[in-house]
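Asks: Here you go, sequence then predicted model.
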Amino acid sequence: MWLRATEVSWTCLSHTLKHKEEEIRYRLTLIGSLPVHHLTTMAMLPWVVAEIGRSQPGERELGAGSRSGGSGGKQLDVPARNQPVSLCVSASRVQCVCIGAEGVAWDPLSHTVLFECRPHRVTKLIHNSQEPSSFGCLVRDTHHCACYVFQCRDCTKVPEIISTLRQAGKSSARNDDITNTTNKKFEVLFCGRVSVAHKNAPPALIDECIEKFGQSHVSGVGESPPTGKRPILFKRDPSFPCLQALDENGLSPEISNAKTGDTNTHTSGVQPTSLQENRTMLFTVGRSQIFLVSPDTKKVAIEKSFREISFCSQGIRHVDHFGFICRETVEGGSCHFVCYVFQCTDESLVDEIMLTLKQAFSVAALQQSAKTQSQQCDSCPMQQLHRLCERIEGLHPCKTKLELQRHLATLDNQEQASVFENTMRARPKNDQEENELVMASLRNLYEERQRSHQHTQPGDSKRVMQAHTHRCTHTLTHIIVSDLSLCLFPHHLCRCHNSTGDLKRLDTSPSVSSSSLSPSRDTQQQGFRRRASTFSHPPTPSSSDSSPALIFTHTPQDAAATTKPKLVRHYSVSTDTPHQSNDVAALTPIGESPLRSHRHSWRQQIFLRVATPQKNSDSSGENKCLIPVCETGPLVLPEERKRKSKEELRELWRKAILQQILLLRMEKENQKLQASESNLQNRRLKLDYEEITPCLKEVTLVWEKMLGTPGRAKIKFDTETIHAAVAQGVPRHHRGEIWKFLSEQYLLRQTVPSRPPANHAPYKELLKQLTSQQHAILIDLGRTFPTHPYFQAQLGAGQLSLYNLLKAYSLLDPEVGYCQGLSFIAGVLLLHMGEEDAFNMLKFLMYDMGLRKQYRPDMIILQIQMYQLSRLLHDYHRDLYSHLEQQEIGPSLYATPWFLTAFASHFPLGFVARVFDMLFLQGAEVIFKVALSLLGSHKPLILQHDSLESIVDFIKTTLPNLGLVQMEKTINQVCEMDVSKQLQAYEVEYHVLQDELLDTPTTLNQSQRAAQLERTNQSLRQQNLDLLEELQVSHARVCSLESQVEVLVQSEGRLREQASALEEEKRQLQSTVTHLHDILTSLGIHISLDAHPLTHTPPPDRHTVTAAAKVEGKEVAGNGTAATVPHPPACPEDS
């Protein structure tokens, strides 16, 4: 069965198109291709596919060569038959490449590109379920069109391939409309939606809607999501990163779910948006559609075509509001009208939007009218062929042959002879092949006519009628003869299938008249038209051969003639077996019916002839009810289904609920995995640039150690260690975190805090507001890193994040707002961190580093920077400065984007990342160092150019394309340079010169003024030198005092450590003395601590001690005991 891709239902794919650069590759076999006319329709395509499948390689190449000019003049290379190819599908292109066998190296001679186009150029996909491994497609281009037929080894992959091509085509077409450079974009605030009774509305509708929104917010309606119904699960469209699948009304799930509210909300039809959510959207007016893209969710929220919109209006009292009415469908299939209301920053923006809509509607109507008139008219030959294909669509081959004979009778004799000769030369085996050959000849004939055809205008109707009358008169005889031959000679039905006689004979396969059809089937077929029976089509279920009685009338030749697979249409793609159907006749080849295996008695045969099938019952149902029995067995009727008990029903409900819960959990986990994979893909995509200074593993470990320090935001790290680590390299995957670490260290060392912004609103709150800088920001989105894949997609995730960042800063800093060049600074930050972190780092660079001064409206700081760069060139590279001055080249001609974008607008991202490393470490003076190093290292090359154009071109184009070695050398020079003192002196010099120029009287002539300026210059130079010396002395004194303070602090620390040690020693000695005293007491020796030198009592004289000793000795001797009296240990004096 062949399948219309325009009617394919969306399916979730295992392979997704997650980004433009990611491709899905399918290994296929190319059956063949054929160039066709660009007006080929879906009704003609099955005949083209049949011609491709039937033709031999030599035939096809010959036929293609003779017809290639008819497709627009461009010759198409017809590939060999059954050639292995690789089909590459991405969101931006579809490419078919001839490949060799597996394991063969790529060779440009054998691996040729058959075609490469945008995905929406691959149209009219067609699939044969009887040959489930094959499918065809029509590839359109500006000048030519061709049909390709492929075959896949795995037949279950074919629906997936078709669905992938269809999703890619739809996303590509929508992306073309969104990314059109002529599209107008406006930032609006989505207020809500209201159901209306008519497609047109009174002028006061917008004001009434706003009042209803206010009442709803007061009553609390719309503040929380509705809970009356379970939210509908929508399938995502992964082919475009910033878009998701919309419902049939062009709404995102968030907005579409609002329709499932409670009864009161549904009755009133008023659905305001939540005040807590971010309601800002980008209102994009395309060529034929309106898109509302949410920068917060990075998805399309509303998509409406111009044909669905019936009314646009602006508020009368609320002049900053506008809305439009469009048609939407409800669950029952009926339509109703809904009004969407939006708010803008001011009335002028609303006026601009309304004017843009009016112009877009007018241009789209004119283009559609011109396109319709230029494509074809009623008398176009291709239109006649299309009507013929529609007439024979759904007919049996014999009836198709009869219709073709009647059509051939309208041609002249020469054309009929040509068709007859081409058909007989091919020797068709059956009517179907004969029909295919006739259709191929007719297609060639009508394509040839179309090339020389001139479209008829409405005023040419009289001439057209005369031509038709002449042709009808000329061919009337042929038609009458044809009809009479069919009526008078019915015996021609007995001819053999292999006969190649007259073309006016009918098919011999089904020898059944139309009167043998069932009356109920005839009644059933009156309500709809039968589908196509073209390339090897069997008849539809209503055809004469669909009843079992008719199947037995076929001859053995019929079975041989129908071995070719039958081709029937389907209207949905599924990964199930494509040829599972309820129609037994359509699934089983003629002559191989399942009923044929039974031998019927004569009674059963009579019964089968007179039995009439039930209405609205398919053939499978008939076979179940009318099962024939063998002569030896009784008729077995199917048993009735047994009703389930309550317990079984409860068990089934319980099982269904558990399965539903499991499915919801699996879907949530799948969404988490998809989000995680998408984040990793975006991170990998952001950091897709070449490093300048490769970071070694040891340096990476140093950075990871510093980043992993607990409480690092309050710890001052060693400055030399940080400088050495930055000079050795920064790991790319840690660069964003390292920039935050460097900003923390800068703030810790900053003694004088910088002026904070006046607006302290958080980032999320800023995103909910409208900005007056939207036009300038939206224009620069496409100019910021236009070749980087993250920012390349118009209104993609990268551009929407960049818009959020620039919009938030414009609201944070109204004085600066937005300035050109700021988008590159924000873009570099976004490539290395998230939105909120990038906003904090942008705020740090602007306020703490002082970059916001150069973006002020007066641009005075930028002028000072240009003067400072010129003075640096004058002092460091005098010959280069003189050469540039001789050619009248100021730094503003080449250095302005260097300062405004930090070299990001012209230089590679790897070099820019290293500049940002130094910028976070040393401040804004890094830009002067890099500029001075670049100009100085290329001074010999610049001096070779002797014209303004060549010098500026060299600086702007050649200088950014440096080699890695030269870039790394530039960064190393920047690490060693120090120009902070010179920059301060040059800034003071600029201000003094500016004041002198303002104070100079205007009465002096030019010579006097020059002399006065010269004297002033000399004086200022002297003053500058004096101030510089004083500044150096003061700086040296400050450094000396700081070093002295540091030495004293260190000395104080050492003294405190010594005092602590002495105190500890004193406590130990006191404990020792106490211990010794306890020992003496235990030995019976009582010594008073008061007599101990520790008590600092006056020592006794010698005579007292001697007398006491004598008395003690006598007592001991008198006792008759020899004893030695121990002396107490001597204690240290300091104790």
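Replies: Ah, there it is.

Asks: from here on, contacts and neighbour counts on C-alpha atoms
Replies: OK.

Asks: How about residue 832: what's its closest non-neighbour residue?
Replies: Using CA to CA, 6 or more residues apart in numbering and skipping the chain neighbours, the partner closest in space to residue 832 is residue 736 (4.8 Å).

Asks: whoops, I mixed them up, residue 270
Replies: residue 194 (4.6 Å).

Asks: Check which helices and strands the host helix or strand of that neighbour sits against.
Replies: According to DSSP states H and E, residue 194 maps onto strand 184-196. Applying 3 or more CA pairs under 8 Å, 6 or more residues apart in numbering; DSSP states H and E, we find strand 184-196 packed against helix 205-219, strand 270-272, strand 280-285, strand 335-343, helix 774-781.

Asks: picking that back up, and the residue nearest to residue 832, what is it in contact with?
Replies: Residue 736 sits next to 829, 832-833 when contact means CA atoms under 8 Å, 6 or more residues apart in numbering.

Asks: How much space separates it from residue 958?
Replies: 29 Å (CA to CA, to the nearest Å).

Asks: tell me the mean pLDDT over the longest helix belonging to the chain?
Replies: Secondary structure assigned by DSSP state H gives helix 1006-1082 as the longest helix of the chain. Averaging pLDDT along helix 1006-1082 gives 86.

Asks: Who are the packing partners of it?
Replies: Helices and strands touching helix 1006-1082, by 3+ CA pairs under 8 Å, 6+ apart, are helix 980-999.

Asks: Residues in contact with the helix it packs on: which ones?
Replies: For helix 980-999, the external contacting residues (CA under 8 Å, 6+ apart) are 864, 867-868, 871-872, 925, 1020, 1024, 1028.

Asks: Now that residue 743 has come up, it's in contact with residue 922, right?
Replies: No: using CA atoms under 8 Å, residue 743 is not in contact with residue 922; the gap is 10.4 Å.

Asks: low-scoring stretches of the stretch 351-500 of the chain, by residue?
Replies: Along the stretch 351-500 of the chain, the parts satisfying pLDDT under 70 run over 371-376, 457-500.

Asks: Repeat the analysis, applying 90 as the threshold.
Replies: Scanning the stretch 351-500 of the chain for pLDDT under 90 picks out the ranges 363-387, 390, 393-397, 410-416, 422-433, 436, 446-500.

Asks: what does the stretch 651-800 of the chain give?
Replies: Along the stretch 651-800 of the chain, the model assigns pLDDT under 90 to residues 671, 674-685, 687-696, 711-714, 716, 749-760, 782, 789, 792-797.

Asks: which stretches of it form helices?
Replies: 697-707, 719-728, 735-749, 763-767, 774-781, 789-792, 797-812 (DSSP state H, counting those that start in this stretch).

Asks: Save the ones you listed as a markdown table, and put in distance to residue 396 too.
Replies: Below are the helices of the stretch 651-800 of the chain laid out as a markdown table (distance: least, CA to CA, whole Å):
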| stretch | distance to residue 396 |
| --- | --- |
| helix 697-707 | 75 |
| helix 719-728 | 80 |
| helix 735-749 | 69 |
| helix 763-767 | 64 |
| helix 774-781 | 59 |
| helix 789-792 | 53 |
| helix 797-812 | 53 |
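
Asks: out of the ones you listed, which comes closest to residue 319?
Replies: When the helices of the stretch 651-800 of the chain are ranked by distance to residue 319, counting by CA to CA, first place goes to helix 774-781 at 19.0 Å.

Asks: Just the angle for that closest one relative to helix 797-812, thanks.
Replies: 140 degrees (axes from the mean of the first three to the mean of the last three CA atoms, to 10 degrees).

Asks: In this structure residue 905 contacts residue 785, no?
Replies: Yes: the pair residue 905 / residue 785 is scored as a contact, 7.3 Å apart, by CA under 8 Å.

Asks: which residues are in contact with both of those two?
Replies: Contacts common to residue 905 and residue 785, judged by CA under 8 Å, 6+ apart, are residue 824.

Asks: about what we covered before: tell me which of residue 743 and residue 922 has more neighbours.
Replies: residue 743 (19 against 15; other CA atoms under 10 Å).

Asks: which one is the more buried one nearest to, not counting chain neighbours?
Replies: Using CA to CA, 6+ apart and skipping the chain neighbours, the partner closest in space to residue 743 is residue 920 (6.4 Å).

Asks: so which of the contacts of residue 736 is the most crowded?
Replies: Using other CA under 10 Å as the neighbour test, the contacts of residue 736 are led by residue 829, with 24 neighbours.

Asks: what sits up against the helix or strand hosting that residue?
Replies: Using DSSP H and E, residue 829 sits within helix 822-830. Helix 822-830 has contacts (CA under 8 Å, 6+ apart) with 736, 780-781, 784-785, 801-802, 805-806, 838-839, 841-842, 900-902, 904-905, 913.

Asks: could you give the mean pLDDT of it?
Replies: Averaging pLDDT along helix 822-830 gives 96.

Asks: Next secondary structure after it?
Replies: Helices and strands here follow DSSP H and E; after helix 822-830, the next one along the chain is helix 835-843.

Asks: could you give the angle of that following helix to helix 822-830?
Replies: Orientation check (the same axes, to 10 degrees): helix 835-843 against helix 822-830 gives 130 degrees.

Asks: elements contacting helix 835-843?
Replies: Based on contacts counted as 3+ CA pairs under 8 Å, 6+ apart, the elements that helix 835-843 packs against are helix 797-812, helix 822-830.

Asks: residues contacting residue 96?
Replies: Residues in contact with residue 96 (CA under 8 Å, 6+ apart) are 85-88, 113-116.

Asks: Could you rerun that using 6 Å?
Replies: 86-87, 113-115 (CA atoms under 6 Å, 6 or more residues apart in numbering).

Asks: Distance check, the closest residue to residue 318 other than its chain neighbours against residue 191.
Replies: Nearest residue to residue 318, sequence neighbours excluded (CA to CA, 6+ apart): residue 207, at 6.3 Å. Using CA to CA, residue 207 is found at 12 Å from residue 191.

Asks: the more surrounded of those two?
Replies: Legend: neighbour count by other CA under 10 Å for residue 207 and residue 191, higher for residue 191 (22 against 19).
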